[in-house]
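*Asks:* task: produce atomic coordinates for the following.
(chains A, B, C and D)
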2 protein chains.
Amino acid sequence: MAETGGDLPEPPVRPARRAATMADVAQAIGVSHQTVSRVLNDPGSVSPETTSRVLQAIGELGYRRNRAARALATRRSQTIGVVSFDTTLYGPASTLFGIEQAAGEAGYAVTVASVKAMTEGSLREAIDRLAMHDVDGIVLIAPLRDTSTVLPVLDPDLPAVVVEGGRAPGLASVCVDQELGARLVTRHLLDRGARTVWHVAGPADWIEAESRVAGWRDELAEAGAEVPAPLRGDWSPPSGYQAGRKLARRKDVGAVFVANDQMALGLLRAFHEAGLRIPEDVLVAGFDDVPEAGYYTPPLTTVRQDFAAVGRRSIELVLEQVAAGRAAARHQVVAPELVVRQSTSR
Amino acid sequence: MAETGGDLPEPPVRPARRAATMADVAQAIGVSHQTVSRVLNDPGSVSPETTSRVLQAIGELGYRRNRAARALATRRSQTIGVVSFDTTLYGPASTLFGIEQAAGEAGYAVTVASVKAMTEGSLREAIDRLAMHDVDGIVLIAPLRDTSTVLPVLDPDLPAVVVEGGRAPGLASVCVDQELGARLVTRHLLDRGARTVWHVAGPADWIEAESRVAGWRDELAEAGAEVPAPLRGDWSPPSGYQAGRKLARRKDVGAVFVANDQMALGLLRAFHEAGLRIPEDVLVAGFDDVPEAGYYTPPLTTVRQDFAAVGRRSIELVLEQVAAGRAAARHQVVAPELVVRQSTSR
DNA sequence: GACCGTGATGTTAGCGGTAACATCGCCGGA
DNA sequence: TCCGGCGATGTTACCGCTAACATCACGGTC
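*Replies:* Predicted structure coming up:
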């Protein structure tokens, strides 16, 4: 996309004083700037005596690398771009935190572009904003089932990892094993005496939601239990509340698996208002293990996702591609963990 | 702080092909690269005919600005650094989201450095990581009362804004009016018939916590009500739970103002376990208005903070300083809003 | 007709670094 | 003793852009 005048802000006033450069360090001790560069980047190629003189001068002059110059010379920015859906939600916020920690440890900066809707248009706009900052790679937290919105907006030459998304040809990806998590919690509810398990699912176009539906459905089928039609939510507490009101009107609901903890909270609210006791009357379980889940009324059984591990793995994969100079369609899966609390303990 | 060899990752393989440059665009239509630069940065200084030829060539060649070169030439990176405490918490995550949106609209990238503890050491490390990326300004989400940990780590020449922090000489800042929020909710509880209001406060060294204590205390004093000693939490649900257990043992607790919604959730849990009914037996209110607060059992009265506005104001202030080339110790206050729900409706 | 000012565009240099090629001295082998 | 190789360091050029200075043509005024 071409930029035109007016898109960027006016370059502001230059800083009052400039920092020491390699040329300054070199001149101070009578070596070439190339020698200073070698000390920092290829230390074995400089004699120990010269190396220590250079390091001392660096310390005395307060020299600090100039990222812009290095990026220009190497054509690399040491920056990873992250495109994410709503980062005030616990899952994306936690994944982003993990990404930022892992990137920092690898010496990379993280630039974030958030999108409000996972449409091709808003993804393209976010990726264009990142491309303007010459990121070396992209981590795309795009939990959509349909990767047809993702592939057209990615530059095939730019290293990329999709997190919690569908398997796309040629793309690396990291995800938590959603189906396994759903199976674990469904099995748990059946083991606690439920004849079948109702399900409040996430949005139909989210691959996480679909995987959880698949895991719940498969586990029920394998147990020979009836498979009721799932209800649909949008991850928010109000949508869980509405689903809870519907389920509360039925007489045959003994257990509910809710696709995330926030909707589970809404559902608990609705059941409470309808006079249902958890877990005496209905077993309830969620997914995610948000920090508050242990303090719901009652404390919620849930499936814990290791978002920090997801963040670390995605940085590992994207930097592997950056270092190799080419894409690598590797796929990594992080295991979930069932956390049993009072909402299923009767 | 001087960098030495080994601190940065090995510069990776260069991209396979290089993007079009201004020189390419210029050569394609027979003008100078300076003319191309003028079209993008000073459009009024080039004739309309030449301007349209340049823009067409830019589109055809897929020219995209090179940020590193421009940063080197102007000594500006168009990047704002954000230092924040735990960005998986709702407040910091929401503020960060607001900052990222506002910066994007102003044509700036945001680079984030998260810290786990608000100590001088970890703040310095985070700011050093940002300085390595030559940020043009810093937004420091540092809700500590004692700015003595903040001032030593900030470069006086680097534009900075402190968010939710103490007033420090020479620093710009943005905050929500915490005292006002605390007064509003305390007044509300008194108006609902409480003879006095107990308080579960945040950590003693957080300025938000102290401001909320001050607002609660002042409102009680003005109402001629007894001022009980506040209990201390650390913002987490478990700490609210412990406070709730202590309060539940007393016979004289008719209303509690909890310093955030997560601790309020824990306190509600403890009261429930002790057989106390909210709001029949005790009125309970929180602070923040997290999205789940409306679905607590019962739905929680709380004080809503406009984190998005905080984010926008902080970007406005930091970019004002960047443009002016000097610090401006302006201070902006965002008003809170009382949200009344069932936990105080009897 | 000459001269001066101004708008439009071109030329040159530098921002701070890395990479490629050059130079020099020393050491070992013939 | 001479020559070649290699380690350590220096020199030059370039990365892509902006800024400062230069050039040219045209129009207006004297």
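*Asks:* from DNA strand C, how far off is A:Gly244?
*Replies:* Per CB to the nearest atom of the strand, to the nearest Å, A:Gly244 is found 59 Å from DNA strand C. Any C-beta I mention is one placed from the backbone N, CA and C, and that applies to glycine too.
*Asks:* quick check: which element contains that residue?
*Replies:* Take DSSP states H and E as the rule and A:Gly244 turns out to sit in helix A:237-248.
*Asks:* my read is that A:Gly286 contacts A:Ala293, right?
*Replies:* Yes - judged on CB atoms under 8 Å, A:Gly286 makes contact with A:Ala293 at a distance of 6.5 Å.
*Asks:* out of these two, which sits in the busier spot?
*Replies:* Regarding A:Gly286 and A:Ala293, a neighbour count based on other CB atoms under 10 Å in any protein chain shown identifies A:Gly286 as having more, with 30 against 25.
*Asks:* what's the closest non-adjacent residue to the more buried one?
*Replies:* In this structure, A:Gly286 finds its nearest non-sequential neighbour in A:Ala264, 3.4 Å apart by CB to CB, 6 or more residues apart in numbering or on different chains.
*Asks:* local confidence estimate at the one you found?
*Replies:* A:Ala264 is assigned a predicted lDDT (pLDDT) of 97.
*Asks:* ok, it - contacts?
*Replies:* Taking CB atoms under 8 Å, 6 or more residues apart in numbering or on different chains as the criterion, A:Ala264 is in contact with A:200, A:240, A:258, A:284-287, A:293, A:296, A:300, A:302.
*Asks:* closest to DNA strand C among these?
*Replies:* Ranked by distance to DNA strand C (CB to the nearest atom of the strand), the contacts of A:Ala264 are led by A:Phe287 at 46.2 Å.
*Asks:* relative to A:Leu184, how far out is that closest one?
*Replies:* Distance from A:Phe287 to A:Leu184, counting by CB to CB, to the nearest Å: 10 Å.
*Asks:* residues shared between the contacts of the two?
*Replies:* Taking CB under 8 Å, 6+ apart as the contact criterion, the common neighbours of A:Phe287 and A:Leu184 are A:Val303.
*Asks:* of those two, who's got more company?
*Replies:* Neighbour comparison, A:Phe287 and A:Leu184: the larger count goes to A:Phe287, with 30 against 19 (by other CB under 10 Å).
*Asks:* how about the residue lying closest to that one once chain neighbours are set aside, secondary structure?
*Replies:* The shortest distance from A:Phe287 to any residue that is not its chain neighbour, by CB to CB, 6+ apart, is 4.6 Å, and that residue is A:Val303. Three-state assignment for A:Val303 (DSSP: H, G, I helix; E, B strand; the rest coil): strand.
*Asks:* what's near enough to touch A:Val303?
*Replies:* Under the criterion of CB under 8 Å, 6+ apart, the contact partners of A:Val303 comprise A:181-182, A:184-185, A:285-289, A:336-339.
*Asks:* out of those, which sit inside helices?
*Replies:* Using DSSP state H, A:181-182, A:184-185 are the members of the contacts of A:Val303 that sit in helices.
*Asks:* many thanks, I have nothing further to ask.
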